[in-house]
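**Student:** need a structure here:
(2 chains)
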Amino acid sequence: GQNIDQPTEMTATEGAIVQINCTYQTSGFNGLFWYQQHAGEAPTFLSYNVLDGLEEKGRFSSFLSRSKGYSYLLLKELQMKDSASYLCAVRDTGANNLFFGTGTRLTVIP
Amino acid sequence: GAVVSQHPSWVICKSGTSVKIECRSLDFQATTMFWYRQFPKQSLMLMATSNEGSKATYEQGVEKDKFLINHASLTLSTLTVTSAHPEDSSFYICSALGGGPIHFFGQGTRLTVV
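**Tutor:** Modelled structure (predicted):
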């Protein structure tokens, strides 16, 4: 089976840094994705990791450790518009399906 | 970037009627499209995977006769909710794959069955 865990909710202050963790136990692994989803809207792609290490893209960075089944999304210089749900998803081997975690609802406060 | 358009954005229908939702890849050919549903404050649940020209693969527990999926071309997949009931009210989202690993999502369709 597929098990992907994220914290349900997080709160952080505008201008600060926040790290959202994701742990996974899946039957296969062929990449990990992070998506941002605002309420009532479709998810938008943030990052993709298939090898261990850190991927940086502007204010967003994502880290992967395959041996530990662990990833995190790092958001720097938080802005109010970053308030959203952040979804961790794992792609299975041999298929293109994505399995999503429950998502982390991030609230940025002034 | 790749754009996926989903239509309609929202629909209200009477119980017992059918509703069709379209998912189009606008600037790329989608070899595979996926349909999800999402309940409030929950994550996306994969319903089915569709490949152009072949039958969709449904996830366990999803009724194929109730949720009809057609992927007639490389840019269009449709989901028809047949004989809709209030419990089918949900947010339905499609995603599409081109040649790479990134899934691009449509805007979603909020279905309300009254």
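
**Student:** How about the residues of chain B by chain A?
**Tutor:** Counting by Cβ under 8 Å from any Cβ of the partner chain, chain B comes close to chain A at B:6, B:32, B:34, B:41-46, B:49, B:91, B:93, B:95, B:97, B:101-108, B:110. (Glycine included, C-beta is placed from N, CA and C.)

**Student:** Report the secondary structure element holding the spatially most central residue of chain B.
**Tutor:** Residue closest to the mean C-alpha point of chain B, counted by Cα atoms, centre = their mean, is B:Trp35 at 3.8 Å. Assigned by DSSP states H and E, B:Trp35 belongs to strand B:32-38.

**Student:** and that strand, which strands flank it?
**Tutor:** If you go by DSSP bridges, strand B:32-38 pairs up with strand B:45-51 (antiparallel), strand B:90-97 (antiparallel).

**Student:** Of those, flag the one that's most buried.
**Tutor:** Stretch with highest mean neighbour count among the strands paired with strand B:32-38: strand B:90-97 (a mean of 24; mean count of other Cβ atoms under 10 Å in any protein chain shown).

**Student:** Which residues outside it are in contact with it?
**Tutor:** Applying Cβ atoms under 8 Å, 6 or more residues apart in numbering or on different chains, the external contacts of strand B:90-97 come out as A:40, A:42-43, A:96, A:98, B:2, B:4, B:6, B:21, B:23, B:25, B:28, B:30-39, B:44, B:77, B:79, B:81, B:103-106, B:108-111.

**Student:** what sits up against the helix or strand following it?
**Tutor:** Once the chain leaves strand B:90-97, the next helix or strand it forms, by DSSP H and E, is strand B:103-105. Residues from elsewhere that reach strand B:103-105 (Cβ under 8 Å, 6+ apart): A:33, A:35, A:42-45, A:96, A:98, B:1-4, B:25, B:34, B:93-98.

**Student:** now do 10 Å
**Tutor:** Contacts to strand B:103-105, defined as Cβ atoms under 10 Å, 6 or more residues apart in numbering or on different chains, come from residues A:33, A:35, A:37, A:41-45, A:48, A:89, A:91, A:96-98, B:1-4, B:6, B:23, B:25-28, B:30, B:32-34, B:36, B:44, B:93-98.

**Student:** Select only the buried ones of the residues you listed in PyMOL?
**Tutor:** One line in PyMOL is enough to select the buried ones among these; burial here means 16 or more other Cβ atoms under 10 Å in any protein chain shown:
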select buried, (chain A and resi 33+35+37+41+42+43+45+48+89+91+96+97+98) or (chain B and resi 2+4+6+23+25+28+30+32+33+34+36+44+93+94+95+96+97+98)
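
**Student:** in chain A, which spans are strands?
**Tutor:** Along chain A, the segments classed as strands by DSSP state E run A:3-5, A:9-13, A:18-25, A:32-37, A:44-49, A:53-57, A:60-65, A:70-75, A:84-91, A:98-100, A:104-109.

**Student:** And those: which comes nearest B:Trp10?
**Tutor:** Smallest distance to B:Trp10 across the strands of chain A (Cβ to Cβ): 16.8 Å, for strand A:32-37.

**Student:** avg pLDDT for the closest one?
**Tutor:** For strand A:32-37, mean pLDDT is 96.

**Student:** now do stretch A:68-82
**Tutor:** For stretch A:68-82, the mean pLDDT works out to 97.
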